[in-house]
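Asks: Quick one, fold the following:
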Amino acid sequence: MPRFSAQLQDFQQADLEPDLFSFSAMNNHWYKLLVAVAGICGPWFFALVSRIIAAGFFIFSQRVGESRRLYAALYPERGRLYHLYCTFNQYQNFTTIHFDRFLKGQAKAPVFTTDGWERLQAVIGGRGGVLLMSHLGNWEMAATLLKSRRTDLQLLLYMGTKEKEGVERLQKEELRRTGVTIIGVDQDDNSPFTAVEGIRFLQAGGLVSMTGDIVWRSDQRKVAVKFLGRQAFLPEAPFIFSLLSGSPLFVFFAFRTGRNSYHFTLSEPITIDPASRKDREPAIRRAAQHYADLLEAALRRHPFEWYHFDRFIH
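Replies: Sure thing, here's the model as predicted:
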């Protein structure tokens, strides 16, 4: 077992779906009822109900303050009302994830364009790659369409499991049906064997997707970076995976360009190749900061697709 096995035990992956809206905590039966009624009445009914729910959470959620903090850092020259306006748009935009999922379930396939797909093609079946996904854009649509782009693609997602999974359970089942391998990880599960499975997946030329922007536990190993002029912390695990496997990292975003349509971007490969053991930690910090810089640039282009509702900047 490599010396970094201790860090591997910190690989747990926060669920990419923020536990914010009642969609996330919604009982499967209520969600299925909503989908059934919308199937009869039309997509407008789903959109209307979801936007009303989002407005309710905007009014009553205690997490609104965290979003306002982020938009205050993003737009320091603007006032509190503008930051609140941004937060409202963020909450309303979040409903599009569920809306497009509903449309997909109605056999209305999404359309998409890509930028950088050839970079991923170059490592599939060879070195493999670590996909760094973020709470910026629609990760679920990205995973689905990656599989549709190349049906023989070996894609593994680490996802956290929650005590009470509502819609998330359906979401994971749908992804599994498309051929995506999902490893569910409990928050208190420190087994290194699950992590080793991911390393083997990479060494076989597959892709492993991990969230790059959420630290799940206070005792989890993390990397400090600069983001919007503040300090933020990223999980160290994706960078450890890249270091141990020799597979490059790719920062992957999927942004909505219209109703049920998306544009995917893949960064240039980020390699972690320290000259010596002593240089490992500095190499990881450089890679983490590179990711943070790309994340910040993407946030400035798509400010209302930031679906990270917990504290990120400090």
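Asks: Does residue 312 touch residue 227 like I think?
Replies: Yes - at 7.3 Å, residue 312 counts as touching residue 227 under the criterion of CB atoms under 8 Å. (Each C-beta comes from the backbone N, C-alpha and C, glycine too.)
Asks: centroid residue for the protein?
Replies: For the chain, the residue nearest the mean C-alpha position is residue 134 (3.5 Å; CA atoms, centre = their mean).
Asks: Surely it and residue 212 touch.
Replies: Yes - counting by CB under 8 Å, residue 134 touches residue 212, with 5.7 Å between them.
Asks: Mind listing the shared neighbours of those two?
Replies: Here residue 134 and residue 212 have 251, 295 as joint contacts, going by CB atoms under 8 Å, 6 or more residues apart in numbering.
Asks: Counting neighbours, what do you get for residue 74?
Replies: Counted with other CB atoms under 10 Å, residues neighbouring residue 74 total 18.
Asks: How much space separates it from residue 300?
Replies: According to CB to CB, to the nearest Å, residue 74 stands 7 Å off from residue 300.
Asks: what packs against the longest strand anywhere in the chain?
Replies: For the chain, the longest strand by residue count, based on DSSP state E, is strand 249-258. Under the contact criterion of 3 or more CB pairs under 8 Å, 6 or more residues apart in numbering; DSSP states H and E, strand 249-258 touches strand 129-133, helix 139-149, helix 237-245, strand 261-266, helix 280-301.
Asks: so which of the ones you listed gets nearest residue 109?
Replies: helix 139-149 (8.1 Å; CB to CB).
Asks: the inter-axis angle of the closest one versus strand 261-266?
Replies: 80 degrees (axes from the mean of the first three to the mean of the last three CA atoms, to 10 degrees).
Asks: and the next element down the chain from helix 139-149?
Replies: strand 155-160 (DSSP states H and E).
Asks: could you give the angle of that next one to strand 129-133?
Replies: Going by the same axes, to 10 degrees, strand 155-160 makes 40 degrees with strand 129-133.
Asks: Give the pairing partners of strand 155-160; include direction for each.
Replies: If you go by DSSP bridges, strand 155-160 pairs up with strand 181-185 (parallel), strand 207-211 (parallel).
Asks: most packed of these?
Replies: For the strands paired with strand 155-160, the largest average neighbour count (mean count of other CB atoms under 10 Å) is found in strand 207-211, namely a mean of 26.
Asks: May I have it as PDB, with CA atoms only?
Replies: What follows is strand 207-211, C-alpha atoms only, in PDB (Å, rounded to 0.1, in the frame of the first residue of the first chain):
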ATOM      1  CA  LEU A 207     -12.500   7.900 -15.600                       C
ATOM      2  CA  VAL A 208     -13.200   8.600 -12.000                       C
ATOM      3  CA  SER A 209     -15.300  11.600 -11.100                       C
ATOM      4  CA  MET A 210     -15.000  13.300  -7.800                       C
ATOM      5  CA  THR A 211     -16.300  16.500  -6.400                       C
END
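Asks: Low-confidence regions, the stretch 51-200 of the chain specifically.
Replies: 160-172, 185-194 (pLDDT under 70).
Asks: Now do the helices in it.
Replies: 64-74, 80-105, 117-121, 139-149, 167-177, 192-203 (DSSP state H, counting those that start in this stretch).
Asks: so which of those helices gets nearest residue 286?
Replies: Closest among those, using CB to CB: helix 117-121, at 19.5 Å.
Asks: Can I get the closest one in PDB, CA atoms only?
Replies: The C-alpha atoms that make up helix 117-121 are tabulated as PDB, following Å, rounded to 0.1, in the frame of the first residue of the first chain:
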ATOM      1  CA  TRP A 117     -13.600  16.400 -25.700                       C
ATOM      2  CA  GLU A 118     -10.500  15.300 -27.700                       C
ATOM      3  CA  ARG A 119      -8.400  15.800 -24.500                       C
ATOM      4  CA  LEU A 120     -10.500  13.200 -22.700                       C
ATOM      5  CA  GLN A 121     -10.400  10.900 -25.700                       C
END
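Asks: Perfect, I'm done here.
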